[in-house]
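Trainee: Quick one, structure for this:
(3 chains)
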Amino acid sequence: MTDARLEVQQLTKRFGAKTAVQDVSFTVQPNEFFCLLGPSGCGKTTILRMIGGLLVPDAGRVLLDGRDITFDPPEKRDINIVFQNYALFPHMTVYDNIAFGPRRQGWPEDRIRREVGRLLEIAHLQGYEGKYPRQLSGGEQQRVALLRALITRPQVLLLDEPLGALDLKIRQQLQLELINIQDDFHITFIYVTHDQSEALAMGDRIAVMNRGRILQIGDPRSIYEDPVNRFVAYFIGNTNLFDGTVQEVTAGSKARVAVPGVGDIWGVCRHGREKLRPGVAVSISVRPEKIHIARTAPTEGAWNRAQGVVQDIIYLGVSTEYIVRLHAGQTVRVFTQNLRRNGGHDAITWDDPVWVYWRPAHSLILPD
Amino acid sequence: MTARPRRWRYVLGQYVGLAFNLVPPGLYLLVFFYAPMSILLVMSFWKSGYMTLTPAFTLENYITFLTTPIYLKALRNTVAIATGTMLALVVIAFPMAYYLARMRPRYERLILYLLIIPVEINFLIRIFAWKIALGRSGIFNRALMALGLIDEPLKFLLYSKFAVALVLVHEWLPYVVIPLYLALKGISPDIIAAARSLGATRWDVFRHIILPLSVPGLFASFVLVYIPMLGEFAVPALVGGPSGYMLGNVVENQFLSAGNWGLGSAIGFVLLTVTLALVALVVKVAGVEKLL
Amino acid sequence: MRLSRFALAFYTYTVIGLLIYLPIVILVVFSFNDSRVLSLPWKGFTLKWYAIALQRSDLHHAIWTSVWIAAVVTVVSLFLGVLAANAMVRYRYPGRLFFTGYVAVPFVVPWLLLGIALLLFFNRVGIPLSSLTIILSHIAFDVPLVAVLVAARLHQFDPWLEAAARDLGCTPWQAFRYVTLPIIAPAVIAAGIFAFNWSFDAFVVTHFVSGTQVTFPLWVWSALRYAKNLPVVNAVSSVIVVVEMGLVLVAEMLRRRGEGAESLF
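Mentor: Numbering: from 1, shown residues only, chains lettered A, B, ... in the order given. Below you'll find the predicted structure:
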């Protein structure tokens, strides 16, 4: 663990009676893009503020390159923050905003001028030196805030929902720019967001949080494909959740689960398999893109299956989402790729009786 | 455990910053406001004579006040003048505030300037200006006589309760108009339109929408204006004459002429108590605490 | 609707004109009247009252006293008032509301009572009445004024700006110096102008704690008692009216400019 850039150990922070962050630990490697993901109010911004030195934890430590910085004031940390509302100084020009950090470090003015010019060019903001923050658009303000935090090349850059206030198109463009900048500058990013698609798209690793705790840390694929519990499965992407009772457990962590109204479903368990015993209540998560939809049931192979009626069809261009009401009353979402232009001659339409079916390997059993 | 001392240093650092900001002004007000006010209270219970004060507890000063008809008349005068002027101010100011709140922004600012600027002119000078205008041979009387409207100068114009009230209205009108204007400006025209569309007459709108929603503004003007009016002494001294004599004049007289500081302190405290009691009464009656 | 709107406008301008401006206009006009009696009929235009005012050394001394006292009072009040505003807005601690009330209480005590209380206090403590006691007394009512005006501005100030400054390498003092102070500067300057005005115009409190020292309002007060002084007071007052209007306009413009910058941001 000595090669970790940043290490957070058992951080806890209470505000009055409310525990905002409880026993949070993680390590971030040099040059890693690390995402803290969770719903608003889950404590992720509080963690960021403790790393940045704007708050002091009630318990736990923060280590930067192995050195304890828990109680160092923010100006003593080689860590900079891009604030959620940008926090650009309204009485200073773009140039003075970006030059603020270097001036505190006593850079000579001609070096500052060169470096600011270079950065503005990278961010496509040439000629903006003399403008004031209020004259910039949201995306431009965002870029200036980023440059201001980057120019002194801190060891770690903390980004607090930096794209939260922007339009979808600008957001997607800036996501790419951020990834490129991170590559170019070789700076460790810790990125806070409540947008799971942003975390999946950008993060090398993601820590999923809820109610002040970290539930799972992993790369985007493992978080999506192997969620540890019902919350993570539900929060990341779209999923269908079934509640049932374990009937039998076989070798290889497979189990048969009785779901009321649907019947028996076979699935696999990757986290917490030791809790699986007949009679235990579990959730099953099935991603919509893993489910097939057809007028007839498959005749061969091992499938989980259920019968229902098409209730809604949502055409999304690249794909179509079907919402199928099972006979038991539950609805199931199914995504299909639009491979053909008109959906083919036997296109499924509203009120059609259909079968939905999926492989047991795609039924994730989540004992909570 | 190296974290312990570092945590303490951090906590200490926070308190040093706070103390640096809090202690100097706090201490200054303690010494030059709260201590003097306390001394005032204590001395009102000391035995007092001409230019002498003896630290022996007595209620004599308060008894003297309660048994001297002139002082009680001054108290009645004070409450009457302040209350009457306050009511007149509200009545005069309400239509102005309403007009201001509903006008175009450009002119709105102009009128606000017109209201704010004279407030900053030395008020002795402004009282003096009224004295020029109101006197027996003052401009009003001369003008009215020249126009043939009156034969004799109007005597009540100067050295009367009327003169005191008029000058007080002049002095405090901006302080009543502006808070009221701010309160009225906060009322969305949509609310009024909604009320009208629900069948309310213009009177209903005023009675049930505008008036209740302007209570916070009324209260703000009340605090800003009523309290200083109760403690007024320069205006009655200059334009009030004997009939406009207020409690403030009694206090000033005890301190600067009669030399009875104990009695002056006691009357000062009666004034403060009456002020706070009247404010409390209005808070209760108007139900302002619900709005605060 | 149209008619009532017109009536309201007429009413508003009439009240402002008659109740607020008429006496001031009369004052200024009659400062040019060639008569010892301040009344009609008009005796002809003259500047002699201004000339006399220019020669009165007691008047000059009073104005100068008021100016330098107000300057000292303003500097000290700004310092203490900004600290108090900081303690009211920028820190979180038990008793913050109490402190806010503690600073604001002087607003609800009539100045007459503050004046006599300070007189008793100075007498008790043994400080002879002089310019010093005037200054100490004026600071007592100017600190709450500055504190409230600056606190109102600080309330709109984004605390994240200071966090950002710290994050970029500022000590707490540097963050205040480079970020907070420039942003609240218009409010601080405006508060300074108001504080100066309050001190310069203070009559009630000064009346009790001045001893033999004569400030401008005290000079006016005593001059008003002798009829022969009236035209001179009139002339001086006219000049003061114009100067103070200018000062207030500057203060207002500064205050509004500060607000504008923040609302645009």
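Trainee: Quick check on A:V94: phi, psi?
Mentor: phi -50, psi -50 (degrees, to the nearest 10).
Trainee: repeat for B:M96
Mentor: phi -70, psi -50.
Trainee: now do A:E300
Mentor: The phi/psi pair for A:E300 (degrees, to the nearest 10) is phi -130, psi 160.
Trainee: Show me what from the stretch 151-292 of chain B comes close to chain C.
Mentor: B:169-170, B:173-174, B:223, B:227-228, B:230-234, B:238, B:248, B:251-252, B:255-256, B:261, B:264-265, B:268, B:271-272, B:275, B:279 (C-beta under 8 Å from any C-beta of the partner chain). From N, CA and C alone the C-beta is placed, and that goes for glycine too.
Trainee: The stretch 151-300 of chain A now?
Mentor: Going by C-beta under 8 Å from any C-beta, the residues of the stretch 151-300 of chain A near chain C are A:T152.
Trainee: Flag the shaky bits of the stretch 151-300 of chain A, pLDDT-wise.
Mentor: Applying pLDDT under 70 to the stretch 151-300 of chain A picks out no residues at all.
Trainee: so where do the helices sit in it?
Mentor: When secondary structure is read from DSSP state H, counting those that start in this stretch, the stretch 151-300 of chain A shows helices at A:168-185, A:196-202, A:220-225, A:230-235.
Trainee: Any buried residues in the third one, and which?
Mentor: Right, helix A:220-225. A:P220, A:I223, A:Y224 (16 or more other C-beta atoms under 10 Å in any protein chain shown).
Trainee: do the first one as well
Mentor: For helix A:168-185, the buried set under the neighbour-count rule, 16+ other C-beta under 10 Å, comprises A:I170, A:R171, A:L174, A:Q175, A:E177, A:L178, A:I181, A:Q182.
Trainee: what does stretch B:112-129 give?
Mentor: Under 16+ other C-beta under 10 Å, the buried positions of stretch B:112-129 are B:112, B:114-115, B:117-129.
Trainee: Pick out the residue in chain B sitting closest to chain C.
Mentor: B:G231 (2.4 Å; C-beta to the nearest C-beta).
Trainee: And the pLDDT for that residue?
Mentor: Note for B:G231: predicted pLDDT of 87.
Trainee: Then C:A227?
Mentor: 65.
Trainee: So for stretch C:156-164, mean pLDDT?
Mentor: 87.
Trainee: Low-confidence ranges, the stretch 1-150 of chain B, go.
Mentor: Applying pLDDT under 70 to the stretch 1-150 of chain B flags residues B:1-4, B:50-51, B:106, B:120.
Trainee: Hmm, I typed the wrong one, I wanted the stretch 1-150 of chain C.
Mentor: Those would be C:1-3, C:37-41, if you go by pLDDT under 70 across the stretch 1-150 of chain C.
Trainee: Now, of the residues of the stretch 151-292 of chain B next to chain C, which are buried?
Mentor: Neighbour counting with 16+ other C-beta under 10 Å marks B:169-170, B:173-174, B:223, B:227-228, B:230-234, B:238, B:248, B:251-252, B:255, B:261, B:264-265, B:268, B:271-272, B:275, B:279 as buried within those.
Trainee: Same list, the residues of the stretch 151-292 of chain B next to chain C, but only the ones touching chain A.
Mentor: Answer for these near chain A: none qualify (C-beta under 8 Å from any C-beta).
Trainee: and those, which of them are in helices?
Mentor: Residues of those located in helices (DSSP state H): B:169-170, B:173-174, B:223, B:227-228, B:230, B:234, B:248, B:251-252, B:255-256, B:261, B:264-265, B:268, B:271-272, B:275, B:279.
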